[in-house]
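Trainee: generate coordinates for the sequence data below:
(one chain, ligands or ions: 1)
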Amino acid sequence: MRLDVFSIFPEYLAALDLSLVGKAAKSGLLDVRVHDLRDWTHDRHRTVDDTPSGGGAGMVMKPEPWGEALDTVLPVDGPTQPRLIVPTPAGRPFSQELAYELAAEPWLAFACGRYEGIDARVAEYAGERMRVDEVSIGDYVLNGGEVAVLVMVEAVARLLPGVIGNPESLAEESHSGDGLLEYPVYTKPTSWRGHDVPDVLLSGNHALIAQWRHDQAVRRTAERRPDLLAAWGGVVAGKDDAAA
Ligand SMILES: COC(=O)COc1cccc(COC(=O)c2cn[nH]c2)c1
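Mentor: Predicted structure coming up:
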């Protein structure tokens with residue numbers, strides 16, 4: 001997979017050189033290219049922003065640098081085009097499902113907004129030749145898209161075959177498709193500062209352990225994410241209502 005990231009703070013994306021994503025990049029599974037948007041400015045101050053049309057507080061990212069950057073890096077008449085992801089509080093929610101969808105793409109590009117946002121015509125223009133998705137990683141506001149890109153790239157890269165050590169560990173994660181949160185995990189020592197590993201996990205009875213883990217996942221989901229439980233309950237009711 002090829003990944004292009006456009007930002008006025010390219011050093012923010014240095015974290016992509018670390019750990020999982022860094023390893024994937026070195027092993028050739030990922031081809032990560034970070035671009036400084038200011039490389040496509042032509043004035044002495046390397047200006048990327050201007051006042052909002054219609055007034056209002058803050059500044060808006062000018063369309064010209066973005067247009068030139070996208071045209072240079074994502075060639076207009078190229079045989080293939082990337083899927084462009086723009087992190088924004090106003091976007092569609094990022095999810096594990098979307099992470100799987102993006103992991104199937106051969107080429108992703110990320111546009112990091114700053115200030116009050118990117119001139120809306122940039123997404124319109126790019127949308128004329130590539131798929132553009134404005135995506136939110138949560139209902140809060142960051143100062144820029146860089147952190148959101150790190151979140152999404154990590155969530156996507158770890159799904160790529162060969163990136164994560166043990167693919168089985170993907171199966172039982174929270175949001176991994178059964179609609180429940182992950183159960184609590186333990187390791188040695190069996191007793192630690194007066195807190196013990198639940199006996200069932202030491203029993204060697206794998207059916208009992210699986211049942212306990214499922215029950216814990218349901219309890220935890222009910223406590224912390226009743227919204228997910230409703231959806232999960234719906235699925236079971238639909239599938240097994242004869243047995244219910
Ligand atoms: C068309 O898109 C844009 O103009 C994007 O512009 C901005 C402006 C400020 C901050 C951000 C970063 O995204 C978030 O804050 C965010 C994403 N998810 N949850 C919070 C992006």
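
Trainee: can you pull the buried residues of the top strand by length along the chain?
Mentor: Criterion DSSP state E: the longest strand present in the chain is strand 83-93. By neighbour count on 16 or more other Cβ atoms under 10 Å, the buried set for strand 83-93 is R83, L84, I85, V86, P87, T88, G91. No exception for glycine: its C-beta is placed from N, CA and C like everyone else's.

Trainee: and the contacts of it?
Mentor: 70, 74, 98, 102, 105, 107-113, 117-118, 123, 126, 130-137, 139-142, 145, 148-149, 152 (Cβ atoms under 8 Å, 6 or more residues apart in numbering).

Trainee: so which of those reach the ligand?
Mentor: Counting by Cβ under 6 Å from any ligand atom, the subset of these that neighbours the ligand consists of G113, G117, I118, A123, E134, S136, I137, Y140, V141, L142, G145, A148.

Trainee: how about the residues you listed in CSV, adding pLDDT, secondary structure and distance to A157?
Mentor: Output for those, formatted as CSV (pLDDT from 0 to 100; DSSP: H, G, I helix; E, B strand; the rest coil; distance: Cβ to Cβ, whole Å):
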residue, pLDDT, secondary structure, distance to A157
G113, 98, coil, 22
G117, 98, coil, 26
I118, 98, strand, 24
A123, 98, helix, 24
E134, 98, strand, 21
S136, 98, strand, 20
I137, 98, coil, 15
Y140, 98, coil, 23
V141, 97, coil, 25
L142, 98, coil, 20
G145, 98, coil, 17
A148, 98, helix, 15
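
Trainee: now the residues you listed: which count as buried?
Mentor: Neighbour-count burial within those applies to G113, G117, I118, A123, E134, I137, L142, G145, A148; the criterion is 16+ other Cβ under 10 Å.

Trainee: and the pLDDT for the nearest residue to the fourth one once chain neighbours are set aside?
Mentor: For A123, ignoring the flanking residues on the chain, the nearest one in space by Cβ to Cβ, 6 or more residues apart in numbering is V132 at 5.1 Å. What the model reports as pLDDT for V132 is 98.

Trainee: could you double-check that V132 lies in contact with Y125?
Mentor: No. With contact defined as Cβ atoms under 8 Å, V132 and Y125 do not form a contacting pair (9.3 Å).

Trainee: comparing those two, which residue is more hemmed in?
Mentor: Each of V132 and Y125 has its neighbours counted (other Cβ atoms under 10 Å); V132 has more, 19 against 16.

Trainee: kindly state the beta-bridge partners for that one.
Mentor: V132 has these beta-bridge partners by DSSP bridges: L84.

Trainee: contacting residues for it?
Mentor: Taking Cβ under 8 Å, 6+ apart, we find V132 in contact with R83, L84, I85, V86, A123, A126.

Trainee: return the distance of stretch 77-86 from the chain's centre.
Mentor: Here the centre of mass of C-alpha atoms in stretch 77-86, compared against the chain's by Cα atoms, centre = their mean, to the nearest Å, lies 18 Å away.

Trainee: give me the mean pLDDT for that stretch.
Mentor: In the prediction, stretch 77-86 has an average pLDDT of 94.

Trainee: what's the end-to-end length of that stretch?
Mentor: Its start and end residues considered, stretch 77-86 measures 22 Å (Cα to Cα, to the nearest Å).

Trainee: likewise stretch 43-55?
Mentor: By Cα to Cα, one end of stretch 43-55 lies 24 Å from the other end.
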